[in-house]
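Q: predicted structure and sequence below. I'll ask about it afterward.
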Amino acid sequence: MKGRFNASSLPDYNSEYLHHHFSTSPSTSADKLDSRNFTLSGDSKDDYNEKNTLSRLQSLKVNFNQKKKEPFIIGVAGGSASGKTTVCSEIEQSLSNKRVCVISQDSFYRSLEEEEKVLAQNQSYDFDHPGRFYHAFDYDVFESTLRKLKEGDDVEIPVYCFKTHSRLTTTEKIAGADVIIVEGILIFFTKHIRDLMDMKIFVDTDSDVRLARRIRRDIQERGRDLDGVLTQYEKFVKNSFDDYIMPTKKYADMIIPRGGANKVAIDLLVEHIKSKLISINRNANY
Ligand SMILES: Nc1ncnc2c1ncn2[C@@H]1O[C@H](COP(=O)(O)OP(=O)(O)O)[C@@H](O)[C@H]1O
Ligand SMILES: Nc1ccn([C@@H]2O[C@H](COP(=O)(O)O)[C@@H](O)[C@H]2O)c(=O)n1
């Protein structure tokens, strides 16, 4: 039987498997190839020589060794203005490694249509509901981006503007990270998104503190006024926290009370992440 023998036609064996099964005994190599109905491209079963086989297997082994490493994905959830972004940048700085990047679920808010923008300006658009009925978030792009990152692929992250409720035309490229930190209010809500994460953290900050921080931030940075922030909070933000965000706390592996101010919790968390990275052999620069 003739066929093409390449890495993609093999099951996902690692290089140790190839080394163990193919590099010690040429006769074993032939048996293994034969038993899985593989022959080398262009060679008949009778005339392929063992030397040639071994050298091809050797290069196959190199290809397997170069297979892209899956990054370690850490999810950071919590209410709006709980300190998720602050916690993420603390972790990022503590790992002091260029190959750590942070992405926010906020980047995956959809650009609103003109009539939806009018609703948003009147605090009548719900940005906090997880359901697809409101489809404030572009869940499909969010999920496919996480899946690509998980596979070690490069991605383009949208850049979102809270003042205009729309995406900018520019995107931000993320390439080759060892650790990806994903933060957002609803990142633990959907099981198949949650399951992409290797570690889940919930930032648990008192609701008064969150509201005070949100008022200050939204006025200073997101182009809002006091009355608008309070109305939106009362109509949507508080309900969503109680009904959809707080219930996802149970999925967290670790809870950080008070957010970025909690240096003890962040130090413990960073030590834990470092030991995890060492145990899964991503210790190169730690
Ligand atoms: N420990 C803190 N003390 C004072 N202000 C804080 C603290 N942590 C965060 N903030 C401020 O609160 C706002 C929300 O924090 P952020 O980390 O962006 O929260 P989130 O990402 O959960 O919305 C920001 O303006 C930030 O500067
Ligand atoms: N155009 C938008 C989009 C979102 N929001 C609010 O942002 C909050 C989530 O962001 P955090 O950084 O605070 O986690 C969410 O509660 C939305 O209400 C908005 O106001 N306008």
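A: Happy to help now that I have it. Ligands and ions are numbered 1, 2, ... in the order given.
Q: quick check: next helix or strand after the lengthiest strand in the chain?
A: Scanning the chain for the strand with the most residues, using DSSP state E, yields strand 166-174. With elements assigned by DSSP states H and E, the helix or strand that comes after strand 166-174 is strand 179-183.
Q: what's that next one packed up against?
A: The contact analysis (3 or more CB pairs under 8 Å, 6 or more residues apart in numbering; DSSP states H and E) places strand 179-183 against strand 72-78, helix 84-95, strand 100-104. C-betas here are computed from N, CA, C, even on glycine.
Q: and it with ligand 2, contact?
A: No - Strand 179-183 is not in contact with ligand 2 by CB under 6 Å from any ligand atom; minimum separation 7.6 Å.
Q: that strand vs helix 84-95, what angle?
A: Inter-element angle recorded for strand 179-183 and helix 84-95: 170 degrees (by axes from the mean of the first three to the mean of the last three CA atoms, to 10 degrees).
Q: just want the residue of the protein that's nearest ligand 2.
A: Nearest residue of the chain to ligand 2, counting by CB to the nearest ligand atom: S80, 3.3 Å away.
Q: number of residues surrounding that residue?
A: If you count neighbours by other CB atoms under 10 Å, S80 ends up with 24.
Q: quick check: it touching R210?
A: Yes - taking contacts as CB atoms under 8 Å, S80 lies within contact range of R210: 6.5 Å.
Q: for this structure, which segments count as helices?
A: With DSSP state H, the ranges of helices along the chain come out as 15-18, 26-35, 50-65, 84-95, 114-121, 139-150, 191-194, 207-221, 226-232, 238-240, 263-279.
Q: looking at the ones you listed, which is buried most?
A: helix 84-95 (a mean of 20; mean count of other CB atoms under 10 Å).
Q: which helices and strands does the longest strand of the chain pack with?
A: Counting contacts by 3+ CB pairs under 8 Å, 6+ apart, strand 166-174 packs against strand 155-161.
Q: name the helices or strands packed onto the strand it packs on?
A: helix 139-150, strand 166-174.
Q: nearest to K200, out of those?
A: helix 139-150 (13.3 Å; CB to CB).
Q: which residues sit against the closest one?
A: 70-71, 73, 103, 105, 108, 132, 154-155, 157-158, 174, 177, 180, 182, 190, 192-193, 196 (CB atoms under 8 Å, 6 or more residues apart in numbering).
Q: re earlier: for the helices of the chain, give me TSV that also has distance to M254 and mean pLDDT.
A: As requested, the helices of the chain are exported to TSV (distance: least, CB to CB, whole Å; pLDDT from 0 to 100):
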stretch	distance to M254	mean pLDDT
helix 15-18	33	33
helix 26-35	44	32
helix 50-65	33	60
helix 84-95	11	93
helix 114-121	34	96
helix 139-150	20	93
helix 191-194	14	94
helix 207-221	19	98
helix 226-232	30	98
helix 238-240	23	97
helix 263-279	6	88
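Q: same list (those helices) but as TSV, adding distance to ligand 1.
A: Output for those, formatted as TSV (distance: least, CB to the nearest ligand atom, whole Å):
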stretch	distance to ligand 1
helix 15-18	41
helix 26-35	53
helix 50-65	39
helix 84-95	3
helix 114-121	18
helix 139-150	16
helix 191-194	18
helix 207-221	4
helix 226-232	12
helix 238-240	13
helix 263-279	10
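Q: Serialize these to CSV and add fields for distance to S166.
A: Formatted as CSV, the helices of the chain follow (distance: least, CB to CB, whole Å):
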stretch, distance to S166
helix 15-18, 47
helix 26-35, 56
helix 50-65, 43
helix 84-95, 20
helix 114-121, 8
helix 139-150, 15
helix 191-194, 23
helix 207-221, 16
helix 226-232, 17
helix 238-240, 21
helix 263-279, 34
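Q: need the helices and strands packed on strand 155-161 in JSON lines with distance to D225, can you?
A: Formatted as JSON lines, the helices and strands packed on strand 155-161 follow (distance: least, CB to CB, whole Å):
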{"stretch": "helix 139-150", "distance to D225": "30"}
{"stretch": "strand 166-174", "distance to D225": "20"}
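Q: possible to save those as CSV with distance to ligand 2?
A: Shown next, in CSV, are these (distance: least, CB to the nearest ligand atom, whole Å):
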stretch, distance to ligand 2
helix 139-150, 14
strand 166-174, 8
